Each structure stands twice: as C-alpha cells, then as structure tokens.
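1. Just need the structure, nothing else, for what follows:
(2 chains)
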Amino acid sequence: MSATLTDETLIQQAQAGRQSAFSILVKRYEQYVYTLALRFVKNREDADEVAQDCFLRMFRYLPDFRGEAKFSTWLYRIVYSTSMNFLRKQRPEILSLDDDERPVRLGDHSAPDASAGLERQDLNASLQRAIDQLLPDDAGIITLFYMYDHNLEEICEIMEITMSNAKTKLCRARQRLKLIVEHKFADQIGI
Amino acid sequence: MNDDVLWDYADQLLPETERLRVEAYLEQHPEWKERLAAIESEKRMLSSMPLEKPRAGFADRVMAAWAAEQSHGRAISTDRGKDWIVWAVSGIFGLFVCAAVLMIIVQGVPQDAVNLPEMPVVDWGGMLRQPAMRIGLYLVLTLLVLKLVEKYLQQRRMLDRLNMHH
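-> This is a model prediction of the structure:
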C-alpha cells in the first residue's frame, strides 16, 4: 500500500501532520540518505547519526517545502549541509571540502590493504572501497550523478555550486576515482 | 580525443556541436569506440552499486526521536501559554498598583483619613487628564510590552537552540 503512494502524496499527508506519512518517507529514503551521508563522513556510526539528523531536519522543514524542486533534491541538500556541518565540527583537519588541488591519497593506510583478500570480494565491494578513499565532495558527486541519477542542475542545487564548478568537480572526481582504481583495485574491476 | 571527452560524451554533458564531432570521430576510430564501450561499462558498474543499509531499526529510532522532539516542543509551547497568562495578570495588577501610587502622589494622603467615614469620590476623568498620570500609564504599558517581547524572544532562542541541538 505504502509503495503505491507517491512522494507528493506522502508529503501532503506529512504536511497535514500524519505520522504514518513521515514514517513511510523515512523508510523509502533511509538507504539513500544513509549511503550519501556515508560517502561524506566515511564512517558508519557517524553516517547513522547524520542520517538521523537529516530526517529530523526534513520533518522540521517539511511544512516549508513547496515542491519547487524535486523532493529527493531537496532532501539530499539537507544531507549535504548536515554532513558538511558534521565534518566541520568533527574533523577540522579537513580544511577545505572544495579543495580541487588536494592530491589523491593513494598511500592512505587508513584504507584497507588492497592485497588483503580483495580477490575474493566482488566488483561492487572493490569499487565501494575506491569511492571510500575519495574526498567527501568527490564521493558525493559520483554517488549523486551515477548512482542516484541526478543531473548536474540538481547537483548544483544540492551542493550549492555553479554549473561550471559542478562539471569540474565531476571530471576531477572521475579522474581521482580512476587513479585509485588503477592503483589498487584494477585486478578486481578489470580496468 | 581523450577519456574526459568520452566520459562527458557518455554522460551527455557535451553541447550538440561537440557531440556530433565526437560521433564523427568515433566512426573513424574504432579503438576509441571500444574505449567508449569500456566507459559505458564502468558507468553501469557505478550505477548498479548497491545502497548501504543503516543499522536495524533506523526508521524506528528516527520516529522516536521525532516524537520526543515534538513532545518537548509541546511542553515548551504549553509553558509559553501559561507565561502569557501570568504576565497578563501581573500587568493588570501592576496597573492597579501604579494607579493607586499615583493617586496618592497626586492627591496626597488626607490628614484625617482614619476618621473619614466615607470613601473619597475619585474624579477618574480628571486623574487621566493629569500629565503625571498619563506618563505613568504609558511607562507601565511600555515596560509591560518590552517584558512580553523579551520573554517571547527568549523562548524563540530556546527553541532555536533545541533545533540546533537536534
């Protein structure tokens, strides 16, 4: 039953105060919100906390949602800003999340060792690990564009950047991902 | 030709003229066509990556946190309602006290007040026409309004802090 309800219907019901509509929205988007938060904060516990915070913000601001943007775009914008606020508070060493000159950290020992049994893992897991090593913005834009199928206009809205900036970020994110994959996971992914 | 152009082509980010130029180039260079096929395959791999799952009971935790936040908000709202009543009653009481004090100041305490058997006749119209009385009333009303505004802002700040905390 809940699967047949559109986002618009659920939003209207939630705006009218129906708790069940809130609950359905959470269940419908929990994995998307959690995955995106995880791409930014890189830690499952933190991502859980951030995702929960995102939904609470969503509930608070839902009465103001007028449907001018797609609901998912609006929600992912909340995820982006909540994650960035979290990172600024928790990890001040990430001075700039928009640092296009920051090199790819191929020698990052916090990441799992590529030689440690990766052969047994499937392609998705390898690619997942490669994405985990990207900077938050890079991992976010890759996820939004390729996994969530959002176009660049929507990404500009979510990440509050210009179109040319979005294109540059996407291009650099692809290049960095390619570098990581080529150096660490080429055997698994077959590149 | 390079990988970035091919990726942009695959992602449909190229303008029309450039897209046509790439297509013409690919027709003449099968090795780049193969590379495009590889890029399409990488794209499919990215788009087919599974979503991550949060810890079990995530939705229930969110709904519980939301319910807690709402009940807390209601409690604050109820308190605020009570505050308005308290302040209104206090204001009226304050007005009476001020009026009485002003009356005493303006009219003075009768020397034989103890022996007076009758209540003094109060000329309310005359009193309100007196500048001291009018200024006093304006002062009290202004203070009351300022106090109410301060209380309102204080509670707004508290709500904002709670929102930030959550």
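2. got the domain boundaries for the chain?
-> Unless you meant another one, I'm taking chain A. What automatic domain parsing lists as the domains of chain A is A:10-97, A:112-191.
3. oops, chain B please
-> Split by automatic domain parsing, chain B gives B:3-47, B:58-165.
4. mean pLDDT lowest for which of the ones you listed?
-> When the domains of chain B are ranked by mean pLDDT, domain B:58-165 comes last with a mean of 77.
5. right, is that one up against chain A?
-> Yes: using C-beta under 8 Å from any C-beta of the partner chain, domain B:58-165 reaches chain A at B:58-59, B:61-63, B:65-66, B:69, B:163. Yep, even glycine has a C-beta here, placed from its N, CA and C like the rest.
6. what's the helix or strand for the nearest residue to B:Met49 once chain neighbours are set aside?
-> With C-beta to C-beta, 6 or more residues apart in numbering or on different chains as the criterion, B:Met49 has its nearest non-adjacent residue at 5.3 Å, and that residue is A:Asn124. Using DSSP states H and E, A:Asn124 falls within helix A:123-132.
7. can you give me the mean pLDDT across that helix?
-> Mean predicted confidence for helix A:123-132 is 83.
8. Please point out which parts of it sit buried.
-> Under the neighbour-count criterion of 16 or more other C-beta atoms under 10 Å in any protein chain shown, helix A:123-132 has A:126-132 buried.
9. Count the neighbours of B:Gln130 for me.
-> 15 (other C-beta atoms under 10 Å in any protein chain shown).
10. Okay, and the closest residue to it other than its chain neighbours sits in which element?
-> Excluding the flanking residues, the one nearest B:Gln130 by C-beta to C-beta, 6+ apart is B:Val106, at 6.0 Å. If you go by DSSP H and E, B:Val106 is part of helix B:58-107.
11. counting contacts, what elements does that helix pack onto?
-> helix A:19-41, helix A:44-61, helix B:124-129, helix B:131-165 (3 or more C-beta pairs under 8 Å, 6 or more residues apart in numbering or on different chains; DSSP states H and E).
12. related to what we said a few turns ago, residue contacts, the residue nearest to B:Met49?
-> B:45, B:48-50 (C-beta atoms under 8 Å, 6 or more residues apart in numbering or on different chains).
13. Inside helices: which ones of those residues?
-> Among the contacts of A:Asn124, the ones falling in helices (DSSP state H) are B:Met45.
14. Now, of the contacts of A:Asn124, which are buried?
-> Of the contacts of A:Asn124, these count as buried by 16+ other C-beta under 10 Å: B:45, B:49.
15. List just the nearest of the contacts of A:Asn124 to chain A.
-> Distance to chain A across the contacts of A:Asn124 (C-beta to the nearest C-beta) is lowest for B:Met49, with 5.3 Å.
16. ok, that closest one touching A:Tyr148?
-> No: when contacts are counted by C-beta atoms under 8 Å, B:Met49 is not listed as touching A:Tyr148 (10.6 Å).
17. Run a quick neighbour tally on A:Gly67.
-> When neighbours are defined as other C-beta under 10 Å, A:Gly67 has 11 of them.
18. That should have said B:Gly94, apologies.
-> Quick note: B:Gly94 (other C-beta under 10 Å) scores 16 neighbours.
19. can you pull the contacts of the nearest residue to A:Pro63 once chain neighbours are set aside?
-> Distances taken as C-beta to C-beta, 6+ apart put A:Gln15 closest to A:Pro63, at 5.7 Å, once the chain neighbours are dropped. By C-beta under 8 Å, 6+ apart, A:Gln15 lies in contact with A:62-63, A:65.
20. List phi and psi for A:Gln15.
-> phi -70, psi -30 (degrees, to the nearest 10).
21. OK, contacts around residue 7?
-> Just so you know, I chose chain A. Residues near A:Asp7 by C-beta under 8 Å, 6+ apart: A:25, A:28, A:71-72.
22. um, chain B though
-> Counting by C-beta under 8 Å, 6+ apart, B:Trp7 touches A:171, A:174, B:39.
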